[in-house]
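I'll drop the sequence and a predicted model, then ask my questions.
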Amino acid sequence: MRISVFGIGYVGVVSCGCLAELGHEIIGVDVSVEKIAMLAGGRSPIVEEEIDGLIAAAVKQGRLTATDDVAAAVAGTDVSFISVGTPSASDGSVALGAVDGVIQSIGAALRAKPGPHTVVMRSTVPPGTAEDRVIPLLERASERRLGEGLFYYANPEFLREGSSVRDFRNPPFTLIGAPPGDDAAVLREVYAPLPAAVHVAPYRVAESVKHISNVFHAVKLAFANEAGSILSAYGVDAREAFRLLCEDRVLNISPAYLRPGFAFGGSCLPKDVRSFLALADQRGMSAPLLKQLLPSNQAIIDRTFDSISEHGRQPVALFGLSFKPGTDDLRESPFVLLAEKLLGKGFDLRIYDRFVQVARLMGANRAYIDREIPHLERLMVVSPQAALSGARIVVLGHVAAEDRAALLAGLNGHVVIDLAGMADAAAVPGITYQGLCW
């Protein structure tokens, strides 16, 4: 395919070299005369493993040229990749001035071009950029409508400096943000030679994944450094401890826990977070990230309470009381803390949990609930129907498979606040549905 790449920076140069290697014809576009001259001469403007050879080969084979002529680049290609910088603004937000400028230029060039054209955003932009900013600007500048000779996709890159050519050749996946019903056939053709699955998602989802990926990487690095420092203070070789931690592919290095939802609880996580922070305090060590874990967890509980309160002090049915489904362990359950807060604020509350029978609670489990909700037995009901009877607000913490049908059948005009991500609940007609983190 014929592809123009706008922005001969780090991502742009790697894209030029690697797309040419896949067999496409590439035009690099930039405002820098120096970068254009280097690229046109077969030299890479950036330092990166393998990129010099790719650029030199692409120019020699006639697959790569460079220009500052936007109109010529647009006229001579079918697809335009945008790889301009999106640095931080003074308030920490993303500065999109370069994106606006290149979109305006491409749009203006499209007025004189016959036939369809595809614009692809490779730059890192915040969710909402496509629909709220770029597409309206592109439509105005080009005097075309999306889907009518004009196509736009979000296609974030996942390249690491130092290994970006290898990352391009072997990506974890190819992610494409597209409008509803658009399978992104053009981009599928561009990336067809690569050995990776293609995921097409709504624009906002695709735009967000690069952001949360980098934030997650930062969290992992900060966690390793803080935890490693604390372990080192106690004579532990943290490198060996983390090596073994990463051997667990079921919970530690896996999708486990990476599902937006309600707060954590139980007899292990809160206790061990406090214990580890105590180790830091005993050595006078700072652990700013780790010390925000419990306040962050409490903030999710408070946010849920606020979501309930927004609908007035109406009767509430809470489904789920133990800290997770399939157990009767109530110790430090976030649902117990939520129930306690609702009762304290005067809400009429009914609770249903198939696995919790107050009469059978023993030991530390019984002591905990006697301390937190001493009259729990009066609040518990024996069926989903009993919980829903008279309730106007339904909070879905966790629901056993055996109870889902009765729950769904009983929803009728309720406000449903979903902490568990029950897709079938969201589809029930006649309710007001609200997901906690979605």
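Yep, it's here.

gap between the lengthiest helix in the chain and the chain center?
In the chain, assigned by DSSP state H, the helix with the most residues is helix 203-233. Remark: helix 203-233 is offset 12 Å from the chain centroid, using CA atoms, centre = their mean, to the nearest Å.

for the residue lying closest to residue 115 once chain neighbours are set aside, which residues make a bridge with it?
Counting by CB to CB, 6 or more residues apart in numbering, residue 115 lies nearest to residue 149, which is 7.2 Å off, once chain neighbours are set aside. Backbone N, C-alpha and C define where each C-beta goes, glycine included. Residue 149 forms beta bridges with residue 145, as assigned by DSSP bridges.

So for stretch 133-152, mean pLDDT?
Average pLDDT, stretch 133-152: 98.

same deal with stretch 259-272?
The pLDDT scores in stretch 259-272 average 92.

re earlier: and the longest helix of the chain, what's buried?
Buried positions in helix 203-233, judged by neighbour count with 16 or more other CB atoms under 10 Å: 203-204, 206-210, 226-228, 230-231.

can you check stretch 145-161 too?
For stretch 145-161, by 16+ other CB under 10 Å, it's 146, 150-159.

Quote the end-to-end distance of that stretch.
37 Å (CA to CA, to the nearest Å).

Strands of the protein, residue ranges please.
2-6, 25-29, 64-67, 79-82, 117-121, 145-146, 149-154, 174-177, 198-201, 316-319, 349-352, 393-396, 415-418, 432-435 (DSSP state E).

how about the ones you listed in a markdown table, adding distance to residue 333?
Shown next, in a markdown table, are those (distance: least, CB to CB, whole Å):
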| stretch | distance to residue 333 |
| --- | --- |
| strand 2-6 | 53 |
| strand 25-29 | 57 |
| strand 64-67 | 60 |
| strand 79-82 | 48 |
| strand 117-121 | 43 |
| strand 145-146 | 48 |
| strand 149-154 | 40 |
| strand 174-177 | 36 |
| strand 198-201 | 34 |
| strand 316-319 | 11 |
| strand 349-352 | 11 |
| strand 393-396 | 13 |
| strand 415-418 | 17 |
| strand 432-435 | 21 |
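
Report whether the expected contact of the residue nearest to residue 115 with residue 118 is present.
No. With contact defined as CB atoms under 8 Å, residue 149 does not reach residue 118; the gap is 10.1 Å.

Residues touching stretch 119-129, excluding its own?
With contacts defined as CB atoms under 8 Å, 6 or more residues apart in numbering, stretch 119-129 is touched by 7, 11-12, 15, 79-86, 93-94, 96, 98-99, 103, 106, 130, 134, 138, 150-157, 187, 203-205, 207-208, 210-211, 214.

okay, and for the stretch 251-400 of the chain, where does confidence drop off?
Of all residues in the stretch 251-400 of the chain, none has pLDDT under 70.

could you pull out the helices for it?
Taking DSSP state H, counting those that start in this stretch as the criterion, the stretch 251-400 of the chain carries its helices at 269-282, 293-309, 334-344, 363-372, 376-379, 384-388.

Is it possible to get TSV of these that adds mean neighbour count and distance to residue 165?
Converted to TSV, the helices of the stretch 251-400 of the chain look like this (neighbours: other CB atoms under 10 Å; distance: least, CB to CB, whole Å):
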stretch	mean neighbour count	distance to residue 165
helix 269-282	14	40
helix 293-309	16	38
helix 334-344	20	46
helix 363-372	14	55
helix 376-379	15	60
helix 384-388	20	56
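
As JSON lines, those helices with distance to residue 239 would be great.
Converted to JSON lines, those look like this (distance: least, CB to CB, whole Å):
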{"stretch": "helix 269-282", "distance to residue 239": "18"}
{"stretch": "helix 293-309", "distance to residue 239": "23"}
{"stretch": "helix 334-344", "distance to residue 239": "34"}
{"stretch": "helix 363-372", "distance to residue 239": "36"}
{"stretch": "helix 376-379", "distance to residue 239": "46"}
{"stretch": "helix 384-388", "distance to residue 239": "50"}
